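[1] only the shape, not the letters, is given here:
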């Protein structure tokens, strides 16, 4: 079986930089059950067919987390191409390295739209700023953009204003929902007091405020509400941030609610443990810091202390979607965070094109909610869903990450899996929490 490897291992450097069209090996006879569909990409002159642009970072902290999503995209594409493709032609990926620089996003979008003439774009693990810049750049081209990780509520707010003209959607719930879910989890575990620590940016502050509101409605008290802990991820030391979060005004909260970046967040937690601040306090984490492919206990990065509890967008239906079976046939390790959401992002675009009987960008946009939402036949297998559409049936796609019902703002709602760090420093799922139940 193949090991998980990065984009630069799968594609020649010039292919990443220039975004040449990739015809997957499945088109040449590689079945969905065979290994490593993109190990030897075949570069051809572009045939007619659905073209999906992909923006993905492969360096830094987000580059590590993106590995599973990088494996998912060729897997779903080879699977679909092996069962007839979309609109009687193979689907192709045009992959671009995402530097996460908002100014650079404009150039990438222009290239994908003008040179590659993609029909839709998938943003994998972009930051709020970079994804927003890409989305603003894509609107004039009328090309739909779907994200498998961007949870910022700012996208909802601008969608409500009509800024994105129905071109925006995502397969991960908004960050404020995650904060509400953590408030529910804290309440369910009997915690009466909490403090918060978040990265000092717009997303972290939204998360903090949403948690405070939800926890107080449930009868809880946030000890550092008046002086919240918002840390600078570029700081040289996090010792004082750890003290402020874990001992606000000298008090010990029942729980610390943390929305942390992977690298700097690990350093903050190491500081808290080194100072003995975690003893007697339950650490509750958002999914931002989670990287299931590489977790260990003290002394390494990324660091999460034993007994920490976190949540992540639920993929509890993954075993029924066909995704997990295909993944296990091609990979040794379990799928990482956002892998199911990335599968679903690609699936929705492919299904929308088939439902529209057209690969035109505007046609795909018009059919996304039709294939994602009720009414229609509930179907989890991507090939079955495509066949139903070819036969003229309406479908309600049930994804690897959940039901992926899209509202008018392009948002999904989701339950969350609850996970913990066991004695071996590995992630273990221990339950579910619903933010709106």
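    Good, I have the coordinates. Quick caveat, the model's predicted, so the values are computed rather than measured.

[2] elements contacting the host helix or strand of residue 365?
    Taking DSSP states H and E as the definition, one finds residue 365 inside helix 361-372. The contact analysis (3 or more Cβ pairs under 8 Å, 6 or more residues apart in numbering; DSSP states H and E) places helix 361-372 against helix 339-356, strand 395-397. Yep, even glycine has a C-beta here, placed from its N, CA and C like the rest.

[3] show me which positions of the next helix-or-strand element following that helix end up buried.
    Where DSSP H and E defines the elements, the next helix or strand beyond helix 361-372 is strand 377-379. Of all the residues in strand 377-379, those buried under the rule 16 or more other Cβ atoms under 10 Å are residue 379.

[4] follow-up on the earlier one: any idea which of the helices and strands packed on helix 361-372 is most buried?
    helix 339-356 (a mean of 28; mean count of other Cβ atoms under 10 Å).

[5] now do the buried residues in the helix holding residue 365.
    For helix 361-372, using 16+ other Cβ under 10 Å, the buried residues are 361, 363, 364, 365, 366, 367, 368, 369, 370, 371, 372.

[6] circling back to that earlier point, out of the helices and strands packed on helix 361-372, which gets nearest to residue 107?
    Within the helices and strands packed on helix 361-372, the stretch nearest residue 107 is helix 339-356; the backing value is 22.5 Å (Cβ to Cβ).

[7] now do the strands in the stretch 151-300 of the chain.
    168-170, 193-199, 221-222, 229-231, 255-259, 282-285 (DSSP state E, counting those that start in this stretch).

[8] which secondary structure elements does the strand or helix carrying residue 146 sit against?
    For residue 146, the enclosing helix or strand under DSSP H and E is strand 145-147. Contact partners of strand 145-147 among helices and strands, from 3+ Cβ pairs under 8 Å, 6+ apart: strand 120-123, helix 128-138, strand 168-170, helix 339-356.

[9] partners of the first one, with directions?
    Meaning strand 120-123. strand 51-56 (parallel), strand 145-147 (parallel) (DSSP bridges).

[10] which pLDDT value goes with the residue nearest to residue 356 when sequence neighbours are not counted?
    On the basis of Cβ to Cβ, 6 or more residues apart in numbering, the spatially nearest residue to residue 356 that is not a chain neighbour turns out to be residue 363, at 3.8 Å. You'll see residue 363 listed with a pLDDT of 97.

[11] residues near residue 189, how many?
    13 (other Cβ atoms under 10 Å).

[12] likewise for residue 234?
    7.

[13] tell me the spacing between it and residue 200.
    10 Å (Cβ to Cβ, to the nearest Å).

[14] show me what the helix holding residue 365 is in contact with.
    119-120, 141-144, 146, 166-167, 169, 348-349, 351-353, 355-358, 376, 385, 389, 394-397, 404-406, 408 (Cβ atoms under 8 Å, 6 or more residues apart in numbering).

[15] try stretch 147-167
    Contacts for stretch 147-167 (Cβ under 8 Å, 6+ apart): 69, 122-126, 128, 131-132, 135, 138-139, 142-145, 168-176, 178, 202-203, 206, 338, 341-342, 344-345, 365, 408-411.

[16] swap in stretch 175-188?
    By Cβ under 8 Å, 6+ apart, the list of residues contacting stretch 175-188 from outside reads 151-153, 194, 203, 206-208, 210-211, 214-215, 217-220, 254-255, 257, 259, 284, 286-287, 309, 311, 313, 413-416, 418, 433-437.

[17] shouldn't residue 408 be within a helix?
    No. Counting by DSSP: H, G, I helix; E, B strand; the rest coil, residue 408 falls outside a helix, being coil.

[18] ok, it - contacts?
    Residue 408 neighbours (Cβ under 8 Å, 6+ apart): 159, 369.

[19] tell me the pLDDT at it?
    pLDDT, residue 408: 94.

[20] again, but for residue 2
    So residue 2 comes in at 35 (pLDDT).

[21] the contacts of stretch 175-188 in helices, which ones?
    Among those, the members found in helices (DSSP state H) are 203, 206, 207, 208, 210, 211, 214, 215, 217.

[22] for the last one, the count of nearby residues, please.
    Read it as residue 217. For residue 217, using other Cβ under 10 Å, the count is 11.

[23] quick check: closest non-adjacent residue to it.
    residue 183 (7.9 Å).

[24] ok, and what's touching stretch 269-276?
    237-239, 241-243, 245-246, 258, 260, 278, 283, 298, 303-305, 308.

[25] swap the cut-off to 7 Å and go again
    With contact meaning Cβ atoms under 7 Å, 6 or more residues apart in numbering, stretch 269-276 is reached by 238, 239, 242, 243, 246, 278, 298, 303, 304, 305.

[26] quick one on the thing from earlier: looking at the helices and strands packed on strand 145-147, which is nearest to residue 98?
    For the helices and strands packed on strand 145-147, proximity to residue 98 was assessed by Cβ to Cβ; helix 128-138 is nearest, at 6.6 Å.

[27] from the contact counts, what lies against that closest one?
    Where contact means 3 or more Cβ pairs under 7 Å, 6 or more residues apart in numbering; DSSP states H and E, helix 128-138 is packed against helix 102-110, strand 120-123, strand 145-147.

[28] redo the ones you listed as JSON lines? Include distance to residue 62.
    Shown next, in JSON lines, are these (distance: least, Cβ to Cβ, whole Å):
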{"stretch": "helix 102-110", "distance to residue 62": "15"}
{"stretch": "strand 120-123", "distance to residue 62": "12"}
{"stretch": "strand 145-147", "distance to residue 62": "13"}
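
[29] any chance of those in JSON lines, plus distance to residue 270 and mean neighbour count?
    Shown next, in JSON lines, are the helices and strands packed on helix 128-138 (distance: least, Cβ to Cβ, whole Å; neighbours: other Cβ atoms under 10 Å):
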{"stretch": "helix 102-110", "distance to residue 270": "31", "mean neighbour count": "18"}
{"stretch": "strand 120-123", "distance to residue 270": "31", "mean neighbour count": "27"}
{"stretch": "strand 145-147", "distance to residue 270": "31", "mean neighbour count": "28"}
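
[30] wait, which of those is closest to residue 227?
    Closest among the helices and strands packed on helix 128-138, using Cβ to Cβ: helix 102-110, at 31.2 Å.
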